[in-house]
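Asker: sequence-free structure coming up:
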């Protein structure tokens with residue numbers, strides 16, 4: 001399902017947001033609070049559904065719920081979704097962005113590794129990098145990517161974990177891994193203002209500088225934060241969220257992912273080669289000033305799986 005609010009025309013910037021394991025797109029939409037950022041910044045937010053409400057995210061099968069469920073071809077689905085949004089006049093092909101939480105965050109990393117030419121930038125919330133990515137992740141270009149993670153996350157631990165069937169890196173090592181892929185140099189660190197001293201958490205930002213093609217990497221660490229995305233807007237969390245740890249209110253995940261990702265766009269597609277066999281320049285991401293764009297009107301519904309947009 002796709003819903004486009006009236007008064008907005010496309011093609012527009014689009015953020016595709018991937019839910020966590022066993023979470024419906026509707027539940028994720030109500031919990032995440034991305035709609036508020038979409039309304040304020042005039043982009044389209046799309047909430048697709050993974051087959052069986054999980055994503056085939058590239059981790060070893062034994063480490064994820066897909067091991068016991070029918071394995072969907074989620075990567076091909078997300079590429080087809082992006083192309084359909086462009087074909088329907090909803091999305092600006094240079095400004096399609098991908099974000100996700102937990103299982104959805106791992107799926108974002110898989111797409112960054114395998115389909116770097118489809119999405120302009122990526123953001124990962126409450127997920128780290130699978131250790132196998134060190135051998136298997138070879139993006140076609142430097143990929144801008146943001147990580148947001150809580151140090152007290154008991155579901156996907158901030159420090160990473162090891163099992164006999166696979167392992168994940170820590171959140172800092174995950175960001176550093178992509179910084180190395182992007183050829184970044186030094187990093188800088190700063191503490192963000194503690195705007196809500198009663199939420200029990202604070203935020204530290206670490207950003208990598210001097211990256212190839214300007215493809216920056218940033219890690220927002222939520223000190224004492226649990227397995228929850230930060231939010232400053234009103235949301236409708238699931239009943240289970242009180243058991244996931246503290247939720248930060250100093251920053252808003254929707255605004256942070258948009259602030260980071262919207263600074264990037266894909267370069268225009270290269271024209272066809274003049275002669276058969278001639279090389280085509282790879283697609284690159286470029287930094288650009290923030291721009292506003294109108295959202296599309298009317299309804300266009302992809303043929304595969306449910307989704308809703310704002």
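Answerer: Nice, thanks for sending it over. What you see is a predicted model; the values in this text were computed from it and never measured.

Asker: quick check: buried residues in stretch 242-258?
Answerer: Of all the residues in stretch 242-258, those buried under the rule 16 or more other C-beta atoms under 10 Å are 244-258. In short, each C-beta sits where N, CA and C put it, glycine included.

Asker: same check, this time on stretch 168-180
Answerer: Of the residues in stretch 168-180, those buried under the neighbour-count criterion (16+ other C-beta under 10 Å) are 168, 169, 170, 171, 172, 173, 174, 175, 176, 177, 178, 179.

Asker: same check on stretch 261-270?
Answerer: Using 16+ other C-beta under 10 Å as the burial criterion, the residues of stretch 261-270 that qualify are 261, 262, 263, 264, 265, 266, 267.

Asker: how close does the fourth one get to residue 212?
Answerer: Using C-beta to C-beta, to the nearest Å, one gets 13 Å for the distance from residue 264 to residue 212.

Asker: ok, now the fifth one?
Answerer: In this structure, residue 265 and residue 212 are separated by 16 Å, where distance is defined by C-beta to C-beta.

Asker: what of the second one?
Answerer: Distance from residue 262 to residue 212, counting by C-beta to C-beta: 20 Å.

Asker: residue 17 reaches residue 43, doesn't it?
Answerer: No - the pair residue 17 / residue 43 is not scored as a contact, 11.2 Å apart, by C-beta atoms under 8 Å.

Asker: of all the buried residues of stretch 168-180, which comes closest to residue 23?
Answerer: Nearest to residue 23 among the buried residues of stretch 168-180, counting by C-beta to C-beta, is residue 168 at 19.7 Å.

Asker: can you map out the strands along the stretch 201-310 of the chain?
Answerer: Assigned by DSSP state E, counting those that start in this stretch, the stretch 201-310 of the chain shows strands spanning 202-208, 217-223, 264-266, 285-287.

Asker: residue 79: which of the ones you listed is closest?
Answerer: Closest approach to residue 79 among the strands of the stretch 201-310 of the chain is made by strand 264-266 (13.9 Å; C-beta to C-beta).

Asker: so what secondary structure elements neighbour that closest one?
Answerer: Using 3 or more C-beta pairs under 8 Å, 6 or more residues apart in numbering; DSSP states H and E as the contact test, the elements touching strand 264-266 are strand 91-101, strand 285-287.

Asker: what lines up beside that strand in the sheet?
Answerer: For strand 264-266, the paired strands and their directions (DSSP bridges) are strand 285-287 (antiparallel).

Asker: quick one: residue 219 and residue 149 touch, right?
Answerer: Yes - under the criterion of C-beta under 8 Å, residue 219 is in contact with residue 149, at a separation of 7.3 Å.

Asker: which residues are in contact with each of the two?
Answerer: Shared contacts of residue 219 and residue 149, defined by C-beta atoms under 8 Å, 6 or more residues apart in numbering, comprise residue 171.

Asker: what's around the nearest residue to residue 215 once chain neighbours are set aside, how many residues?
Answerer: Counting by C-beta to C-beta, 6 or more residues apart in numbering, residue 215 lies nearest to residue 142, which is 3.5 Å off, once chain neighbours are set aside. Residue 142 has 22 neighbouring residues, counting by other C-beta atoms under 10 Å.

Asker: for residue 157, same thing?
Answerer: Each residue near residue 157 was counted by other C-beta under 10 Å, and the total is 17.

Asker: so it: helix, strand or coil?
Answerer: Reducing the assignment to helix, strand or coil with DSSP: H, G, I helix; E, B strand; the rest coil, the entry for residue 157 is coil.

Asker: again with the one 5 residues further on
Answerer: Secondary structure state of residue 162, per three-state DSSP, is strand.

Asker: what is it paired to in the beta sheet?
Answerer: residue 167.

Asker: angle of the top helix by length along the chain against strand 91-101?
Answerer: Among the elements of the chain assigned as helix by DSSP state H, the one spanning the most residues is helix 74-87. With axes from the mean of the first three to the mean of the last three C-alpha atoms, to 10 degrees defining the directions, helix 74-87 sits at 140 degrees from strand 91-101.

Asker: show me where the stretch 1-150 of the chain has its strands.
Answerer: Remark: strands assigned in the stretch 1-150 of the chain by DSSP E, counting those that start in this stretch are 12-18, 44-46, 91-101, 121-125, 145-150.

Asker: so what secondary structure elements neighbour the shortest one?
Answerer: In this case it means strand 44-46. Using 3+ C-beta pairs under 8 Å, 6+ apart as the contact criterion, the elements in contact with strand 44-46 are strand 12-18, helix 34-41, helix 74-87.
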